[in-house]
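*Asks:* Just to be clear, the model below is a prediction. Sequence and coordinates:
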Amino acid sequence: MADWIILAVISLITAGFSLQWLLPRRPNWVGDYGLATPNTLFDTVFLFDGNRLISHSDVALAGYETVQDWADLRRLLKRDFPTFPETPETVRTEGNLIVTAIDCTIEREVLCEWIDGIARVQLRERNRETCPITRDPNDPIRLAMDQAPYPVLLLDRSDRVRWCNAAYVSLVRKARGRDADLTEPLFHRIQGQNNLGRKSRVSVAVTGSKNKLWFDLAHVDRDEGQLIYATDINAIVEAEAAQRKFVQTMTKTFAQLSIGLAIFDRNRQLALFNPALIDLTNLPPDFLSCRPSLSSFFDRMRDQHMMPEPKNYRSWRRQMNDLVEAAQDGNYQETWSLPSGSVYSVSGRPHPDGAVAFLFEDITAEITLTRRFRAEMGLMQSILDKLADAIAVFSDDGTLALTNYAYNQLWGEPEETAFELATVLDVTRGWQEQCMATPVLGEIRDFVEMRDNRTQWSADMSRRDGQSMTCTVSPMQNGATIVRFSLGHQPEQTSEIQKISA
């Protein structure tokens with residue numbers, strides 16, 4: 001009987017020790033880490049024989065139903081405890097381990113113990129000596145850090161991540177994958193007190209992509225290590241790249257232009273010029289590369305005799321001020337006749353942000369050609385005015401192009417309506433008012449508008465004042481037509497007009 005009593009006592013004592021081993025050791029803070037329900041009030045304990053789960057505390061049933069082995073538990077813990085051992089062998093080798101969360105505002109830690117060949121894992125309330133930062137879950141500072149859109153992390157003196165916010169965790173997983181070790185920092189500590197207040201720009205490569213994420217880093221020294229604030233500047237970097245590409249494209253485009261271009265920024269400093277400007281102004285490239293001011297630029301052009309010579313310097317300076325003001329409004333447009341005989345067309349155009357652009361175009365050939373054409377036209381007009389016959393020349397579109405002095409004496413000056421030239425219909429109506437009724441005028445209108453089968457012909461006409469005349473209609477090249485009125489001449493005498501048409 002005594003033996004049975006002793007056996008019963010030993011069984012009760014053994015059961016008591018087993019319950020003490022399996023049951024939670026102390027209450028824990030209520031928290032949701034994706035590992036347990038918010039109603040968990042006690043520590044969670046798991047027992048492993050090798051990789052196989054052999055037992056757990058009752059509270060471990062809440063949220064850990066899928067745990068069958070060590071790998072299942074590690075998969076649930078690695079988000080907040082990335083340094084949790086991969087296998088129980090690590091616990092056996094190193095002995096007892098305390099695994100803290102990557103985010104020290106999480107008030108839990110994992111205790112791993114090796115007891116007589118059994119690995120014991122306990123999720124318990126954090127030891128405040130391990131991480132003294134303790135905050136209420138509703139603390140505005142904690143909420144601000146957790147929900148901040150930009151990554152924030154704390155590096156210890158060993159350059160390891162001690163804690164970080166959700167944005168940093170998301171960035172690490174995007175850059176290195178979901179299984180990345182959060183303790184390995186993407187950004188490193190900066191050395192030197194003078195560098196702490198300066199922002200540094202860094203890029204982060206994205207796994208499986210050629211794109212990079214750009215951040216401005218701000219470092220703050222702390223007793224625990226160094227705080228790093230990373231500001232997303234991808235939009236700024238993309239804008240800068242687009243601006244550089246645009247400037248390069250514009251530079252290549254401007255390099256092919258024959259028009260000289262000079263762009264002055266809002267401070268009136270030369271910001272951009274093309275090679276044609278050097279050729280047109282004879283200004284040295286080194287002078288332009290030094291970004292001269294607008295006044296220095298035009299002073300140098302004046303010294304190079306690349307501007308119209310002013311009567312005096314004061315009036316010239318006033319003229320330059322007016323030039324800049326007109327260019328800001330986009331109204332500056334002048335033609336410069338230089339002492340060398342060249343002619344430049346100079347225009348000023350406003351640019352965004354207060355910049356001003358000046359365009360220099362050499363129009364010497366155009367002006368020379370225009371002057372030559374005008375001289376030839378003047379000579380042709382003089383020849384026509386010497387003829388005794390009245391001459392009217394119609395262009396291919398049926399408008400009156402030329403008349404001579406005899407024509408003006410016979411029919412009067414041709415009228416123009418606003419900027420429109422008189423048409424053959426308008427002109428023949430004027431003739432009809434001064435002539436006897438005749439079908440010749442209708443035939444002239446038809447002939448001028450014809451394009452094919454045009455042959456010279458003549459007809460007699462009479463004016464209302466009794467004066468008779470012969471009208472000769474001759475085709476010219478490019479669809480033009482000459483109408484000649486001869487007073488007292490025979491139709492066949494057309495040698496002079498044929499010479500002119502030729």
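*Replies:* Right, received. Where do you want to start? What you see is a predicted model, and the numbers here were worked out from it, not measured in a lab.
*Asks:* Can you list the residue ranges for helices in the stretch 201-350 of the chain?
*Replies:* Secondary structure of the stretch 201-350 of the chain by DSSP state H, counting those that start in this stretch: the helices cover 234-255, 275-281, 285-289, 294-303, 313-328.
*Asks:* need those in a markdown table with mean neighbour count, can you?
*Replies:* C-betas here are computed from N, CA, C, even on glycine. Converted to a markdown table, the helices of the stretch 201-350 of the chain look like this (neighbours: other C-beta atoms under 10 Å):
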| stretch | mean neighbour count |
| --- | --- |
| helix 234-255 | 12 |
| helix 275-281 | 19 |
| helix 285-289 | 12 |
| helix 294-303 | 17 |
| helix 313-328 | 14 |
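*Asks:* Among those helices, which comes closest to Thr364?
*Replies:* For the helices of the stretch 201-350 of the chain, the distance to Thr364 is smallest for helix 275-281, at 10.8 Å, taking C-beta to C-beta.
*Asks:* quick one: average pLDDT of the closest one?
*Replies:* For helix 275-281, the mean per-residue pLDDT is 89.
*Asks:* hang on, the earlier thing: relative to Arg178, which of the helices of the stretch 201-350 of the chain is closest?
*Replies:* helix 234-255 (21.8 Å).
*Asks:* Which other helices and strands does that closest one contact?
*Replies:* Applying 3 or more C-beta pairs under 8 Å, 6 or more residues apart in numbering; DSSP states H and E, one finds that helix 234-255 makes contact with strand 212-221, strand 270-273.
*Asks:* contact partners of the shortest one?
*Replies:* Same thing as strand 270-273. With contact meaning C-beta atoms under 8 Å, 6 or more residues apart in numbering, strand 270-273 is reached by 247, 250-251, 254, 260-265, 288, 291-294, 297, 355.
*Asks:* Might you quantify the distance of that strand from its chain's geometric centre?
*Replies:* Per C-alpha atoms, centre = their mean, to the nearest Å, the displacement of strand 270-273 from the mean C-alpha position of its chain is 19 Å.
*Asks:* What strands flank it, and is each parallel or antiparallel?
*Replies:* Sheet pairing for strand 270-273, assigned by DSSP bridges, gives strand 260-264 (antiparallel).
*Asks:* And the longest one, by the same measure?
*Replies:* Taking DSSP bridges as the criterion, strand 212-221 pairs within the sheet with strand 200-205 (antiparallel), strand 226-232 (antiparallel).
*Asks:* quick one on the thing from earlier: can you redo the helices of the stretch 201-350 of the chain as TSV with distance to Arg160?
*Replies:* Output for those, formatted as TSV (distance: least, C-beta to C-beta, whole Å):
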stretch	distance to Arg160
helix 234-255	27
helix 275-281	56
helix 285-289	49
helix 294-303	56
helix 313-328	58
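*Asks:* Select, out of the ones you listed, the one closest to Thr368.
*Replies:* Thr368 sits nearest to helix 275-281 of all the helices of the stretch 201-350 of the chain, at 16.8 Å, using C-beta to C-beta.
*Asks:* packing partners for that closest one?
*Replies:* Helix 275-281 packs on strand 260-264, helix 285-289, strand 356-362, going by 3+ C-beta pairs under 8 Å, 6+ apart.
*Asks:* ranking these by burial, who's on top?
*Replies:* Neighbour counts (mean count of other C-beta atoms under 10 Å) averaged over each of the helices and strands packed on helix 275-281 peak at strand 260-264, with a mean of 22.
*Asks:* Let me know the average pLDDT across it.
*Replies:* Here strand 260-264 scores 89 as its mean pLDDT.
*Asks:* which other residues reach it?
*Replies:* Residues from elsewhere that reach strand 260-264 (C-beta under 8 Å, 6+ apart): 254, 270-274, 276-281, 294, 297, 351, 355-361.
*Asks:* which intervals of the stretch 401-502 of the chain have sub-threshold pLDDT?
*Replies:* Along the stretch 401-502 of the chain, the parts satisfying pLDDT under 70 run over 415-420, 488-502.
*Asks:* about what we covered before: just send the strands paired with strand 212-221 back as TSV, with mean pLDDT and distance to Glu89 too.
*Replies:* Below are these laid out as TSV (pLDDT from 0 to 100; distance: least, C-beta to C-beta, whole Å):
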stretch	mean pLDDT	distance to Glu89
strand 200-205	88	34
strand 226-232	90	34
